[in-house]
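[1] Here is my input, please return the structure:
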Amino acid sequence: MDTKLLRDSFAVVAPYGLEVTEYFYAHLFATGGDPVVSMFPPLMGPQRDRLLKALVRIVTDVDDLDKLGAYLAGLGRDHRKFSVQPEHFDLVGASLLATLQHFAGDAWTPEVAGTWAGAYALVAQVMRQALTADDGTPPWWDATVTAKEMPSYDIAIITTRLAQPMEWAPGQSVAAQFEGRPRIWRYLTPANPPRVTRTAEFHLRVIPGGLLSVPLALHAGPGSRLKLGPPVGSLKLDEDSDRDILMVAGSTGLAPMMAMLERLAQRDSPPDVRLYFGAREPGGLYAADRLAKLAAEHDWLTVTLACSAPEEQSPEFEGERGNIVDVVTRGEAWQDRDAYICGSSAMTEAAAGRLMALGMPGPSIHIEDFGWEG
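    I've put the predicted structure just below:
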């Protein structure tokens, strides 16, 4: 496979951004008809974003087949919850190639077309195998809400109990659907590792106008039901590493860190962990008391809170002042640690870039960016 040709041709298409995904879905819906249209949510904004990110991910990792294969297998497995069938991949492939041809213009040569067709055939093969594999797990997991609290005006903490056992690595996420909002899924991250009680706690940032976050925050309560997709994501605790750890969290990016901390606390000799939790205002540090309690219980854990609001706006705040990325990299050398970063896209990218610029090896930096969807 000519990976350079793939990247060069995608570079011609990528500047069109969301126009690419709009054309793709228009083509897919026209060829697939109502049976395909009924599988998608009424508002397609988040879905278009996910498609574009998936294309970028595939092109970026095309030289690392092990990494790409793991991502595609997870993606294929995740599509069971949409009732996707193997034959749907042919429709998707035809629409993808038609879309690339439309936007590539004169750059769409027979060689480029053949390379993309071959690449998609490999992608579809891996995803089909994962979709149809008999791994003993359901297409989705049913969960019942057992408790909900609102520690701040825009954060909801929802505790659920799963009807079936589910295994996930601390840090991974699951797609969630609320019973009152069918076909609308949002990625949430369990704030705990798997437990024998089958409980999972989720931290949810409420987005104004959010199709899922607002209904969950306002209407979910004990007895409400969720559907959960299979665990996905590359942000997960490296259980084989004995290196000390740096954690950087913004908003509900704290959830995967909480899951990792609970798993680390189960070790006989946990590594030294430095957790930085940042927000614009002190009110955004919604789990400050819980973190203080954890730090008091575990001598291997140090927690630093950071607030970027000016001191005159929050004189009572006693933590660090400044942007969380600046606070983390203020005079510290982290090269010998593993780093886990989760939060907004901008914060995640900035923190990872700054740490690499300071000498931390790329493989030691673990991130995930599903975006903050509604």
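[2] From the chain's centre, how far out is stretch 86-99? Work that out for me.
    25 Å (C-alpha atoms, centre = their mean, to the nearest Å).
[3] What of stretch 215-227?
    Chain-centre distance of stretch 215-227: 21 Å, with C-alpha atoms, centre = their mean.
[4] where's the closest residue to Pro86 other than its chain neighbours, which helix or strand?
    Spatial nearest neighbour of Pro86, excluding adjacent residues (C-beta to C-beta, 6 or more residues apart in numbering): Arg128 at 5.1 Å. For glycine as for every other residue, the C-beta is placed from the backbone atoms N, C-alpha and C. Per DSSP states H and E, Arg128 falls inside helix 110-132.
[5] outside of the next helix or strand after that helix, which residues touch it?
    Next helix or strand after helix 110-132 toward the C-terminus (DSSP H and E): strand 141-152. For strand 141-152, the surrounding residues in contact (C-beta atoms under 8 Å, 6 or more residues apart in numbering) are 156-164, 166, 174, 199-200, 217, 220-229, 283-284, 286-287.
[6] So what does Val174 have for phi and psi?
    Taking degrees, to the nearest 10, you get phi -130, psi 150 for the backbone angles of Val174.
[7] The residue nearest to it when sequence neighbours are not counted pairs with what?
    In space, and not counting its chain neighbours, Val174 is closest to Leu228: 4.6 Å by C-beta to C-beta, 6+ apart. Note on Leu228: beta-bridge partners Trp141, Ala176, judged by DSSP bridges.
[8] which ones are touching Leu228?
    By C-beta under 8 Å, 6+ apart, the residues touching Leu228 are 140-143, 162, 166, 174-177, 200.
[9] so what's Tyr16 up against?
    Taking C-beta under 8 Å, 6+ apart, one finds Phe103 in contact with Tyr16.
[10] before we move on, what about Pro256?
    With C-beta under 8 Å, 6+ apart, Pro256 has these contacts: 170-173, 189, 191, 235, 249, 340, 342, 368.
[11] Just give me the closest of these to Leu5.
    In terms of C-beta to C-beta, no member of these lies closer to Leu5 than Glu368, at 29.3 Å.
[12] The closest one and Pro231 touch, don't they?
    No - with contact defined as C-beta atoms under 8 Å, Glu368 does not reach Pro231; the gap is 11.8 Å.
[13] Just give me the neighbour total for Phe317.
    18 (other C-beta atoms under 10 Å).
[14] That one and Pro282 touch, don't they?
    Yes - applying C-beta under 8 Å as the test, Phe317 and Pro282 come out as touching, 4.5 Å apart.
[15] Touching both of the two, which residues are there?
    Common contacts of Phe317 and Pro282, defined by C-beta under 8 Å, 6+ apart, comprise 307, 309.
[16] Helix, strand or coil: sort out Gln266 for me.
    Following DSSP: H, G, I helix; E, B strand; the rest coil, the label given to Gln266 is coil.
[17] So Glu332 lies in a helix, does it not?
    No - using three-state DSSP, the assignment for Glu332 is coil, not a helix.
[18] Pull the number of nearby residues for it.
    When counting by other C-beta under 10 Å, one arrives at 12 neighbours for Glu332.
[19] Kindly report the same for the one 5 residues further on.
    By the measure other C-beta under 10 Å, the count of residues near Arg337 is 22.
[20] Quick check: it vs Met347, distance?
    Distance, Arg337 to Met347, using C-beta to C-beta, to the nearest Å: 18 Å.
[21] count of neighbours near Thr115?
    Neighbours of Thr115 under the rule other C-beta under 10 Å: 18.
[22] My error: substitute Tyr187 in the last question.
    Neighbour count of Tyr187, defined by other C-beta under 10 Å: 19.
[23] Need the three-state assignment for it.
    Judged by three-state DSSP, the three-state class of Tyr187 is strand.
[24] Please apply the same query to Glu19.
    Going by three-state DSSP, the secondary structure assigned to Glu19 is helix.
[25] In this structure it contacts Ala26, no?
    No - using C-beta under 8 Å, Glu19 makes no contact with Ala26, being 10.5 Å away.
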